[in-house]
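**Q** give me the fold of what follows.
(one chain, ligands or ions: 1)
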Amino acid sequence: MGKDMSRRSFLKSTAVGAAGAVAMGAINPLFSTAKAEETQEDSPMLKPFAGVHNVRKISDDLVYLGASDRRIALFENVYPIARGVSYNAYLLLDEKTVLFDTVDRSVSGQFFENLAYALNGRTLDYLVINHMEPDHCSAITEVMRRYPKVKLLYSKAAAQIITQFFGFDPAEHGYAVEEGMELATGRHRLVFIMAPMVHWPEVMMTYDATDKVLFSADGFGSFGALDGNLFADEVNFDTEWLADARRYYCNIVGKYGKQVQDVLAKAATVEIQTICPLHGPVWRENLGYILDKYDKWSSYTPEDPESVMVVYGSVYGGTENAASVLAGKLSMGGVRNVKVYDVSKTHVSELIGEAFRCGTIVFASITYNMGIFTPMKNFIQDLAAHNLQGRRYALVENGSWSPVSGSQMKELLDSMSGMEQVGGTVTLRSTTDGTSLAALDTLANDLIAAISGAPAPVAQETAAAPAKWVCSVCGYVYEGETLPEDYTCPLCGVGADKFVRQE
Ligand code: FEO
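**A** Numbering: from 1, shown residues only. Here you go, the predicted structure:
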C-alpha cells in the first residue's frame, strides 16, 4: 500500500497462539465442551466433501466458493433483482488457509460444500471479515463450529457489530486489524485497508500484495446471479451487466461518494491485477473500465453527460403527454438516447441508477394534495438521500386548479449540491394547450442549448462553505460553524471527540 501507511507485520506484532484456544461454549451454550475441544482434523465434517460443489479456480491458490440466489425477489427487502444475486466468498490455499468472507444464509449449503471440497481436509486458519453485513457474514458462527481453530480477522469497527449480531466477543476468537497491518500466510502477504462506509462503517478491503488481488467487499459488486461465467471478461458486461452494476452501486453505496473516492485514491497507489468483489463477476481484465465507472459514480459525474431522462408523475395522462411531447422535441433537436420513465411504475432504484448516469433530468409532476405527486416526491427525496449532485434539471408542473408541484420540486432540488435549473418551469392546466405547448418548445430549446453548449454543472464549494468535521470512525461529514460537544455521529454513534476538523 501507499508509503504513508504505517505498516506492521501482523503475525509479528500479535500473539497468534493466544487465539488458538477457541472456546466455542463462549459463542453458544448449545455447543458442548467436547465439541469445543475437538480438533479440526478429528471432525467428520472436515473430511473432503465428495458431493456437489461449485468451486472455481481464480489462480493456482485462490478459489471462488460463492453461490447465487435466483429465488430472491428483493435485495435488502427493497431492491427488485429479477436476475438474482451472487454472494461471493474466496479461499486462499497458502501455507495458511484464509477464507475471505462467507455468504448469505440462502446459499450457505452450497458454500459449505464448496469450502469442504476446496479445503480437501486441510485446516481453516483464518476468516477475514471484510464486511459484517449479514448477506456476507451469516455463516460466521457455522464456520467457527465446523472449523473451531479458525481465527477471525476483522476491523475494529466490526467488533461491536459482530457482538450485536452474534452475541460473542470476537476478540476471544481472533484479532481486530488496522490500516496497513499485514498478514503473512506463506507465499502471500495480505494487507488490510480500511474502507469505512463503502457500505457500512466497519468495511475493510484486503490486498494480496503477492498476486495483486484486491478483495473489495461490496466495492465493484453488482446485482445479478453468476450463470457459470465467473469473470467479467466472460460476459457481455457493458450490455448485460452495467445497468445492474450501476443500480447496485448507486443505491447501496451511492451516498458515500467521498469515502469511495478515498478508497480509489488508496487503490491508485498499488498495482491491482484482480478485483474480487462480494457480489457479481470477478475482474481480471480491463480493470480501467470498472475503475472509471466507479470514479464517475462516486464523484457524481454523469456517465453520459448528454443524456436526458424525463420522469413524469401523471394520473389522467396530461402530464404524461407533456413529457412525451418534450422528449420528442429533444430528439428532434438532436439529443440522442432520451429516456422517459413513469415514476409510478418504475422502481425508484432504477430511477436512481439512471439519474447517476444522465447529465440532465426533467421532472414532470402533477400537483397532489397541494404538493408533489407522492412517488415523484419520494424519488426526489431518494436522490437527495443518495447525495446526487451536479445535474441540470428542468421542471414541468400540472395542476387543474392550483399548480404548486413545480415550486416544491424546485425547493427540494435546490437544496442539493450543484443542481442547476434549465429554463423556466412549464405549467400545465390539466392538459397541454397552445400556451403550454409553446412553453415546452422553449424549454426543449433551452435544454438543447445547455446540453450542447456547456459541461454539466458540478457540485459547488463556495467561499462561504461551512466548516467540516469528519468522523474518524466512519467518515461521516458534519458541516456547521462549530461542532457541538455532545454531538454523536448519526452513522456510527461515536461522540464529538472522534471528529477531526477538515482543513
Ligand atoms: Fe453486500 Fe453491504 O452487503
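**Q** show the pLDDT at Leu46.
**A** Leu46 carries a pLDDT value of 49.
**Q** ok, now Phe10?
**A** In this prediction, Phe10 has a pLDDT value of 39.
**Q** just say helix, strand or coil for Tyr289.
**A** helix (DSSP: H, G, I helix; E, B strand; the rest coil).
**Q** can you count the residues close to it?
**A** By the measure other CB atoms under 10 Å, the count of residues near Tyr289 is 15. To be clear about C-beta, it is placed using only N, CA and C from the backbone, and glycine gets the same treatment.
**Q** residues in contact with it?
**A** Tyr289 makes contact with Phe237 under the criterion CB atoms under 8 Å, 6 or more residues apart in numbering.
**Q** and for Tyr316?
**A** Applying CB under 8 Å, 6+ apart, the residues contacting Tyr316 are Ser430.
**Q** distance of it relative to Ile366?
**A** When distances are taken as CB to CB, to the nearest Å, Tyr316 and Ile366 turn out to be 8 Å apart.
**Q** what sits against the residue nearest to the spatial centre of the chain?
**A** For the chain, Val253 is the residue whose C-alpha lies nearest the centre (CA atoms, centre = their mean; 3.3 Å). For Val253, the contact set (CB under 8 Å, 6+ apart) comprises Val198, His199, Asp218, Gly219, Val260, Ser298.
**Q** can you rerun that using 6 Å?
**A** Listed by CB atoms under 6 Å, 6 or more residues apart in numbering, the contact partners of Val253 are His199.
**Q** next up, phi/psi of Ile162, please.
**A** Backbone torsions of Ile162, given as degrees, to the nearest 10, read phi -60, psi -50.
**Q** what about the residue nearest to it when sequence neighbours are not counted, neighbour count?
**A** Computed as CB to CB, 6 or more residues apart in numbering, the closest residue to Ile162 that is not its neighbour in sequence is Pro170, at 4.6 Å. Per other CB under 10 Å, the neighbour tally for Pro170 reads 25.
**Q** tell me how far Pro170 lies from Phe215.
**A** As defined by CB to CB, Pro170 lies at a distance of 19 Å from Phe215.
**Q** try Gly313
**A** Going from Gly313 to Phe215 by CB to CB gives 42 Å.
**Q** report the rounded mean pLDDT for stretch 259-276.
**A** Stretch 259-276 shows a mean pLDDT of 95.
**Q** what does stretch 407-418 give?
**A** 98.
**Q** same check on stretch 393-404?
**A** Stretch 393-404 carries an average pLDDT of 96.
**Q** what's the offset of that stretch from the middle of its chain?
**A** Averaging C-alpha coordinates over stretch 393-404 and over its chain gives two centres that are 35 Å apart (CA atoms, centre = their mean, to the nearest Å).
**Q** straight-line length of that stretch, end to end?
**A** Its first and final residues considered, stretch 393-404 spans 17 Å by CA to CA, to the nearest Å.
**Q** got the contact list for it?
**A** The set of residues that contact stretch 393-404 without belonging to it, under CB under 6 Å, 6+ apart, is 318-319, 322, 361-364, 366-367, 405-406, 409, 413, 419, 421-423, 425-428, 430, 443, 447.
**Q** go on, stretch 420-438?
**A** Here stretch 420-438 makes contact (CB under 6 Å, 6+ apart) with 318, 321-322, 392-398, 400, 403, 406, 439-440, 443, 446-447, 450, 457.
**Q** out of those, which end up buried?
**A** Buried residues within these, counting neighbours by 16 or more other CB atoms under 10 Å: 318, 321-322, 392-398, 403, 406, 439-440, 443, 446-447, 450, 457.
**Q** interface residues of the protein facing the ligand?
**A** Residues of the chain found near the ligand, taking CB under 6 Å from any ligand atom as the criterion, are His131, Glu133, Asp135, His136, His199, Trp200, Asp218, Leu278, His279.
**Q** would CSV of those with secondary structure and neighbour count be doable?
**A** Formatted as CSV, the entries for the residues of the chain next to the ligand read as follows, by DSSP: H, G, I helix; E, B strand; the rest coil; neighbours: other CB atoms under 10 Å:
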residue, secondary structure, neighbour count
His131, coil, 27
Glu133, coil, 20
Asp135, helix, 22
His136, helix, 24
His199, coil, 21
Trp200, coil, 21
Asp218, coil, 24
Leu278, coil, 27
His279, coil, 27
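**Q** widest-spaced pair of these?
**A** Across the residues of the chain next to the ligand, no pair lies farther apart than Trp200 and His279, at 14.3 Å, counting by CB to CB.
**Q** for Pro201, see how far away the residue lying farthest from the centre of the chain is.
**A** The C-alpha centroid of the chain is most remote from Gly434, which lies 46.1 Å away (CA atoms, centre = their mean). In this structure, Gly434 and Pro201 are 56 Å apart, going by CB to CB.
**Q** now Ser59
**A** Plainly put, Ser59 is 31 Å away from Pro201 if you go by CB to CB.
**Q** tell me which of the two has more neighbours.
**A** Relative neighbour count places Pro201 above the other of Ser59 and Pro201, with 27 against 14, counting by other CB under 10 Å.
**Q** and for whatever residue of the stretch 201-350 of the chain ends up closest to the ligand, nearest residue in space, chain neighbours not counted?
**A** Each residue of the stretch 201-350 of the chain has a distance to the ligand, by CB to the nearest ligand atom, and the smallest belongs to Asp218, at 4.4 Å. Leaving aside its sequence neighbours, Asp218 sits nearest to His199 (CB to CB, 6+ apart; 4.5 Å).
**Q** got it, and Val260?
**A** Using CB to CB, 6+ apart and skipping residues adjacent in sequence, the residue nearest Val260 is Ser298, 3.7 Å away.
**Q** residues contacting the one you found?
**A** Ser298 makes contact with Gly257, Val260, Gln261 under the criterion CB under 6 Å, 6+ apart.
**Q** so how far is the longest helix along the chain off the chain centroid?
**A** When secondary structure is assigned using DSSP state H, the longest helix within the chain turns out to be helix 434-453. Using CA atoms, centre = their mean, the mean C-alpha position of helix 434-453 is found 36 Å from that of the whole chain.
**Q** following it, which helix or strand shows up next?
**A** Proceeding C-terminally, helix 434-453 gives way to strand 467-471 as the next helix or strand, assigned by DSSP states H and E.
**Q** if we can go back for a sec, how much space between the residue nearest to Asp218 and Val263?
**A** Using CB to CB, one gets 11 Å for the distance from His199 to Val263.
**Q** so which residues of the stretch 201-350 of the chain form helices?
**A** In the stretch 201-350 of the chain, the segments counted as helices under DSSP state H, counting those that start in this stretch are 242-248, 257-267, 287-298, 318-332, 348-357.
**Q** show me how far the longest one is from its chain's centre.
**A** In other words, helix 318-332. 34 Å.
**Q** that helix - what's its average pLDDT?
**A** pLDDT averaged over helix 318-332 equals 98, rounded to a whole number.
**Q** if we can go back for a sec, show me just the buried residues among the contacts of Ser298.
**A** The neighbour-count criterion (16+ other CB under 10 Å) marks Gly257, Val260 among those as buried.
**Q** from the contacts of Ser298, which is closest to Ile290?
**A** Comparing the contacts of Ser298 against Ile290 with CB to CB places Val260 closest, at 12.5 Å.
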